[in-house]
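S.K.: need coordinates for the following:
(chains A and B)
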Amino acid sequence: MLKDVGAFLLAQAMSYSNKDQNAEAAVKSAVAALFEKDAIDRIEVRPVEDHTGEPGLAVTIVFKAAPREKGRGSLLLDAIVAASTALRDIDDSRFPYVTFLAPGYEPAEDTRPPQAR
Amino acid sequence: MWSVAKHQLENARLLATHDQGRPRQASLRRAVSTAYYALFQALCETCADTLVGWEKPWEAFTPVFRALDHGRTGNAILHSSLATRPDVQRLGAAFKELQAARIWADYNPEPRPDFQEGGASPPFTRGEALKLVQAAQEAVEILDRLDQDARLRLVARLVGNTKR
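M.R.: Take a look at the predicted model:
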């Protein structure tokens, strides 16, 4: 009985892991296709629970240089829609929360008291 | 575009670009939150204008304006009968992304986990805040461009308390 439970949990863990790996590959491929080959330094994809408690994916796209908006369409929305579509194509309904990072994006000041830094 | 949404977008951009040098956290947090509210209130106004109309008394207009639920609006857009349309997909994507960012901006003192993971990083960058404002702007413009039929189907989905 315990063996069965263990086997079930292992299979479930492996299946989740495969799901995450497939999602990561799908999102990376879809997002990379949107930008010029050398524009992206790396793309990080990890499973998260969003603010509503639903499973989601945090997708961080780190650019080598800040991407410029082209016309009226938002690049951020291009990336989210491309990632969502890629996920839907592999039957993954998680929402991809996308963050752009680039040199020159100017982080805000650190507001913690000095002794906490 | 409803003037309140337009002016909120202007305010959000102003907040994100106001500080010289390293931006204040308060400025970027308010910029992100204001961009979200520009879109949320544009959706509220679209519902009230479509179903009631500005020329009707407040007692008819205001309850519909206030009928939208923050929690279910994003999924309601993405699971509506219009969700196969690319423009509506972009609208829903913008709403979900902005809502998550706004909740972080308004309630969470921690650094954004996406930014230099494990480091003591501040919550938002100016670049990220501006990207979110741009996304909100595009989403409000999409809403403005919907034809009457699409608008009616969308607002019925947003105001009605229906399951998928």
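
S.K.: now do the same contact list for the residue positioned nearest the centre of chain B.
M.R.: Centroid check for chain B by CA atoms, centre = their mean gives B:Leu39 as the closest residue, at 3.0 Å. The contact partners of B:Leu39, taken as CB atoms under 8 Å, 6 or more residues apart in numbering or on different chains, are B:5, B:94-95, B:98, B:136, B:139-140. Quick note: C-beta positions are derived from backbone N, CA and C, even for glycine.

S.K.: same thing with A:Asp92?
M.R.: When contacts are counted by CB under 8 Å, 6+ apart, A:Asp92 is found next to A:19, A:22-23, A:26.

S.K.: partners of the nearest residue to A:Asp41 once chain neighbours are set aside in the sheet?
M.R.: Of all residues not flanking A:Asp41 in the chain, A:Val62 sits nearest, at 4.5 Å (CB to CB, 6 or more residues apart in numbering or on different chains). When bridges are called by DSSP bridges, A:Val62 pairs up with A:Arg42, A:Leu101.

S.K.: run a quick neighbour tally on A:Val62.
M.R.: 15 (other CB atoms under 10 Å in any protein chain shown).

S.K.: spatially nearest residue to residue 96 (excluding sequence neighbours)?
M.R.: Reading this off chain A. In space, A:Pro96 is closest to A:Ala83, 3.8 Å off (CB to CB, 6+ apart).

S.K.: actually it's chain B I care about, not the one you picked
M.R.: B:Gly74 (4.1 Å).

S.K.: so the one you found is in which element?
M.R.: helix B:70-78 (DSSP states H and E).

S.K.: that helix: which residues count as buried?
M.R.: B:73-78 (16 or more other CB atoms under 10 Å in any protein chain shown).

S.K.: just stretch B:9-26 next, same as before
M.R.: Quick answer for stretch B:9-26 (16+ other CB under 10 Å): B:9, B:11-13, B:15-16, B:19, B:23-25.

S.K.: next one: phi and psi at the residue nearest to A:Pro96?
M.R.: phi -70, psi -40 (degrees, to the nearest 10).

S.K.: residues of chain A that sit close to chain B?
M.R.: Residues of chain A lying close to chain B (CB under 8 Å from any CB of the partner chain) are A:44, A:50-52, A:58, A:60, A:66, A:69, A:72-77, A:80-81, A:84-85, A:95, A:97-102, A:104-112, A:117.

S.K.: among these, which ones are in helices?
M.R.: A:75-77, A:80-81, A:84-85 (DSSP state H).
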